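1. Fold the stuff below for me.
(chains A and B)
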Amino acid sequence: MSKPKSAYSIPGKKQKNDTHVIVVWVDNEAGVLARVVGLFSGRGYNIESLAVAEVDPKLNISRITIVTTGTPQVIEQIKLQLGKLVPVHKVADFMRGDKKIIFKEMALLKIVGNNVKRKKAIKFCKKFHPVVLDKTNKSVVIQITALRREIDTIMNDLKKIGLVSVSRTGAVAMTRGAEVFK
Amino acid sequence: MSKLYSGAEIVFKCLQDQDVEYIFGYPGGAVLPIYDELKNHESIKHILVRHEQGAGHAAEGYARSSGKPGVVLVTSGPGATNAVTALTDAYMDSIPLVCISGQVPTHLIGTDAFQECDTTGITRPCTKHNWLVKDVKDLSKIIHKAFEVATTGRPGPVLVDIPKDIQFQKTKYVSSIKRKKLNGKIHNKFNQSEIDQLVKLMVNSSRPILYTGGGVINSGPKASELLRELVSLTGFPITSTLQGLGSYPGDDNQFLGMLGMHGTYEANNAMHDCDLMINIGARFDDRITGKIDEFSPKSKKVHIDIDPSSINKNVKVDLPIVGDVSEVMLSVIKTLKKKNPNFASSNKEKTSKWWEKISEWRSVNSLNFINSDKTIKPQHAIQRLYELTKDKDTYITTEVGQHQMWAAQHYKFNKPNRWMTSGGLGTMGYGLPAAVGVQIAHPDKLVVDIAGEASVLMTIQEMSTAVQYNLPIKIFILNNEYMGMVRQWQELLHEKNYSESYTAALPDFVKLAEAYGCVGIRAKTPDELDEKIKEMINVNKPVIFDCLVDKEENCFPMIPSGKPHNQMLLGPNDQKENKITGKGKTLV
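-> Here you go, the predicted structure:
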């Protein structure tokens, strides 16, 4: 092996990456999303998806849900670094496979095609509570809520029968039962 | 109805309420209303720098040597961008700074107006927090909060961006609301069981070491006293990071010297072979750990830090204790005294073998160098400077490079807040403006910037500031005509291809000093060195001291790239051996 020409050490053993959902409660003020997102990009963390909206108009609190991947050490760092930001109130972290947590994504699907294809498309989506938001004699827009991979599958299926446009949200999460994350 | 104040007046009322005595700044279009108000506030003195980076570093020097936050005032656009280096430097080294920047009027924001830039956007990753003031009613609250954020928890820089129209608008003034708790950001919630665990580890350890950092300095002078008590109580060996120097006396027998890339042989080997490492206010920086996979493999690690995100970031530890190091050390001392009153003596036998081992490493005398009677060796120059200034309560700042490491190795500090150096960011050009800030905070003390000729040229314009305010700072340049550390790395790793690391056409530093209206002194040979240093100390004016040193000298000992602590290069001979065999094994 040649001598490393660097003042820095060589990366050590690689650990396994896990997918986590991080939920952050922040003051809804100018630049707060940039602070959170900038922290991720600046420190080299991943963002798979991101959903953000104000949840308490009175106290001006927004809830940011971020799906991210990283080693346990990285996930721990993400939580601690987020906790240091001044407008951040609290940070919650869930494993994607956690049974106590509900994850949902929403997708809008536009299908263009004849009556048979449109009907078929709605049937395909049956499992995910499809809502028809718009229809013409050529097209239909369907709204579904499901898990990420379920939407991936549906998209694949619908491609064959006239799916022309997709719009998806990032995942949002909530605990099951009466418990609330403090 | 209470009186209405303009935004500019409110800025000064806040600064007065925060007991600010000095502002380091540079005027410009977008801060003119604030500068206009300056004349009405005699308790606050403004130090006019020559470049906004200088303002930032001067404020850092002021903050580090006094323990108070440094205040910077700059204009919009280039004023703010010039301050970014200093803000980042303060962020990396946890120095409390409050930077107030002007901004174009609110209605022009986003129009690419003259001297407009997205200051809060640019400084977001290099401050603890920043604010763009959009309503004059928020101004006083924001400035007070800015001081609170900068000085509490792990300290750091903050920035308040004030558009010019806000500086003119009037509103009521809300004075400082002193709150202890800040949005849950201050962590001092360690409990007694953690302390008990730590004491248990200490009692059971036969090869312990204390590894202390800048957190001890940041925690205040009390922390250094407690550290000394803890060390004498336990009889443990102690090593310090670059930033922690001074928190424990550098000439004490229990002190192993600095650790890390250019740390001593005994400190690094002790870190590698210990069975208990107690990290107090340091952060396992990559210059400290060397190769992380082989970092201190046999030890239990304890990490005491006020910033929970510092813990387990680079190195996984066995016992984390989140809290102010002063309070943690106080608890440890109390518990230790209560449970094991005779700890030191009972521990002496247990650690005697460990101390023998340390003496063996010490006998290698890793800071040794081959002195010369023809040319001045840079290490010798620092040693002489130390001997001739050690009785004076001297404040030392440095630039970045070989001279910085030699200063850290050969200048022994006895008190905290006497050593100001850019460690985290490694900012060349830090030392001269920092010395300006230190001298402002301590007008009667001797302040020396140990510099390299390349670094000092980056902020040499601040000599003009020093002359304007009669600040008798001493710029002690170890002049080898090279960017020494760059040259050293090129020699070791790039087959002596000294690509662009030699500076041709250097100025005559003696004449340069005279041009600035200060005193220039040059030392060429070891014989005249002492006399010239004495001359420098006795001049009550700013001095540029051009010390012509050996051009080829390298900084040893050294942990080469990607190597663990126990594989150090000790000197030029080691290096040759390494070259011949071409193998990494350089030392037993």
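
2. Find the residue at the geometric middle of chain B.
-> For chain B, the residue nearest the mean C-alpha position is B:Thr421 (3.9 Å; C-alpha atoms, centre = their mean).

3. I figured it hits B:His403, correct?
-> No. With contact defined as C-beta atoms under 8 Å, B:Thr421 does not count as touching B:His403 (10.3 Å). For the C-beta atoms, the positions are set from N, CA and C on the backbone; glycine is no exception.

4. Who are the packing partners of the biggest strand by length in chain A?
-> Scanning chain A for the strand with the most residues, using DSSP state E, yields strand A:101-112. For strand A:101-112, the elements it packs on are helix A:115-124, strand A:139-146, helix A:148-159, strand A:163-168, strand A:172-175, judged by 3 or more C-beta pairs under 8 Å, 6 or more residues apart in numbering or on different chains; DSSP states H and E.

5. Which among those is found nearest to A:Val21?
-> With distances scored as C-beta to C-beta, the stretch of those nearest to A:Val21 is strand A:172-175 (4.9 Å).

6. partners of the closest one, with directions?
-> Here strand A:172-175 has these sheet partners by DSSP bridges: strand A:101-112 (antiparallel).

7. returning to that earlier point: could you report the pLDDT at the residue nearest to the centre of chain B?
-> We have a pLDDT of 98 for B:Thr421.

8. who touches it in this structure?
-> By C-beta atoms under 8 Å, 6 or more residues apart in numbering or on different chains, the contact set of B:Thr421 is B:Leu242, B:Gln243, B:Thr397, B:Thr398, B:Val400, B:Gln404, B:Ala407, B:Ala408, B:Tyr430, B:Gly431.

9. what's the closest of these to chain A?
-> Using C-beta to the nearest C-beta, B:Val400 is the member of the contacts of B:Thr421 that lies nearest chain A, at 13.2 Å.

10. Between the contacts of B:Thr421, identify the one with the most neighbours.
-> B:Gly431 (36 neighbours; other C-beta atoms under 10 Å in any protein chain shown).

11. quick one: secondary structure of the nearest residue to B:Val31 once chain neighbours are set aside?
-> Spatial nearest neighbour of B:Val31, chain neighbours left out: B:Gly102 (3.5 Å); criterion: C-beta to C-beta, 6 or more residues apart in numbering or on different chains. Of the three states, B:Gly102 takes strand under DSSP: H, G, I helix; E, B strand; the rest coil.

12. what do you get for B:Ser2?
-> B:Ser2 ends up coil, using three-state DSSP.

13. What separation is there between it and B:Leu139?
-> 15 Å (C-beta to C-beta, to the nearest Å).

14. and if you look at B:Pro320?
-> On the measure of C-beta to C-beta, B:Pro320 and B:Leu139 end up 39 Å apart.

15. out of those two, which sits in the busier spot?
-> Each of B:Pro320 and B:Leu139 has its neighbours counted (other C-beta under 10 Å); B:Leu139 has more, 28 against 18.

16. helix, strand or coil for that one?
-> Going by three-state DSSP: B:Leu139 is helix.

17. Surely it is in contact with B:Val11?
-> Yes. The criterion here is C-beta under 8 Å, and B:Leu139 meets it with B:Val11 at 7.4 Å.

18. intersection of neighbour lists for those two?
-> Taking C-beta under 8 Å, 6+ apart as the criterion, B:Leu139 and B:Val11 both touch B:Ile162.

19. Near residue 17, how many residues? Count them for me, please.
-> In the absence of a named chain, this looks at chain A. The number of residues near A:Asn17, taken as other C-beta under 10 Å, comes to 14.

20. Chain B was what I was after
-> B:Asp17, neighbours per other C-beta under 10 Å, totals 16.

21. That one: what's it in contact with?
-> B:His144, B:Ser175, B:Ser176.

22. 7 Å instead, please
-> B:Asp17 sits next to B:Ser175, B:Ser176 when contact means C-beta atoms under 7 Å, 6 or more residues apart in numbering or on different chains.

23. And the one 4 residues further on, by the same measure?
-> With C-beta under 7 Å, 6+ apart as the criterion, the residues that contact B:Glu21 are B:Ser43, B:Ile44, B:Lys45.

24. So which of the contacts of B:Thr421 sit within strands?
-> B:Thr397, B:Thr398.

25. separation between the residue lying closest to A:Gln73 once chain neighbours are set aside and B:Asp275?
-> Distances taken as C-beta to C-beta, 6+ apart place B:Asn312 nearest to A:Gln73, at 6.4 Å, with adjacent residues excluded. To B:Asp275, B:Asn312 is 20 Å away according to C-beta to C-beta.

26. measure the nearest residue to B:Glu52 once chain neighbours are set aside to B:Ile23 for me?
-> Distance criterion C-beta to C-beta, 6+ apart; nearest residue to B:Glu52, sequence neighbours excluded, is B:Asn82 at 3.6 Å. Per C-beta to C-beta, B:Asn82 is found 16 Å from B:Ile23.

27. now do A:Val132
-> 65 Å.

28. neighbour count winner among the two?
-> B:Ile23 (24 against 13).

29. ok, that one - contacts?
-> B:Ile44, B:His46, B:Ile47, B:Val71, B:Leu73.

30. Provide a list of residue ranges in chain A with pLDDT below threshold.
-> A:1-7, A:9-13, A:182 (pLDDT under 70).

31. Which residues are in contact with B:Gly28?
-> B:Thr75, B:Ser76, B:Gly79, B:Gly102.

32. Is the last one in contact with B:Thr75, as I believe?
-> Read it as B:Gly102. Yes. Assessed by C-beta atoms under 7 Å, B:Gly102 is found in contact with B:Thr75 at 4.7 Å.

33. shared neighbours of those two, which are they?
-> Common neighbours of B:Gly102 and B:Thr75 (C-beta under 7 Å, 6+ apart) are B:Gly28, B:Ala30, B:Val31.

34. So the closest residue to B:Asn480 other than its chain neighbours: helix, strand or coil?
-> Leaving aside its chain neighbours, B:Asn480 sits nearest to B:Lys551 (4.6 Å; criterion: C-beta to C-beta, 6+ apart). Assigned with three-state DSSP, B:Lys551 falls in the coil class.

35. Tell me how many other residues surround B:Lys551.
-> With other C-beta under 10 Å as criterion, B:Lys551 counts 14.

36. For it, give its distance to B:His403.
-> Using C-beta to C-beta, we find B:Lys551 at a distance of 13 Å from B:His403.

37. Same check on B:Thr120?
-> Between B:Thr120 and B:His403 the computed distance is 36 Å (C-beta to C-beta).

38. all helices of the stretch 401-550 of chain B, in order?
-> Remark: helices assigned in the stretch 401-550 of chain B by DSSP state H, counting those that start in this stretch are B:402-410, B:431-441, B:453-456, B:463-468, B:484-493, B:509-516, B:526-538.

39. how about the residues of chain B near chain A?
-> B:120, B:124-125, B:129, B:132, B:149, B:183, B:185, B:286, B:290-293, B:308-309, B:312-313, B:489, B:493-494, B:561-562 (C-beta under 7 Å from any C-beta of the partner chain).

40. Of the residues you listed, keep whichever come out buried.
-> Neighbour counting by 16 or more other C-beta atoms under 10 Å in any protein chain shown classes B:120, B:124-125, B:129, B:132, B:149, B:185, B:290-292, B:308-309, B:312-313, B:489, B:493, B:561-562 among these as buried.

41. Out of those residues, list just those in strands.
-> If you go by DSSP E, these have B:His129, B:Leu132 in strands.

42. Filter the buried ones among the residues of chain B next to chain A down to the ones in helices?
-> Counted as lying in helices by DSSP state H, out of these, are B:Thr120, B:Val149, B:Trp489, B:Leu493.

43. Give me the nearest residue to B:Trp354, chain neighbours excluded.
-> Closest to B:Trp354 by C-beta to C-beta, 6+ apart is B:Arg207, at 4.5 Å.

44. quick one, what contacts the residue nearest to B:Val31?
-> Counted by C-beta under 7 Å, 6+ apart, B:Gly102 has contacts B:Gly28, B:Ala30, B:Val31, B:Thr75, B:Ser76, B:Ile162, B:Lys164.
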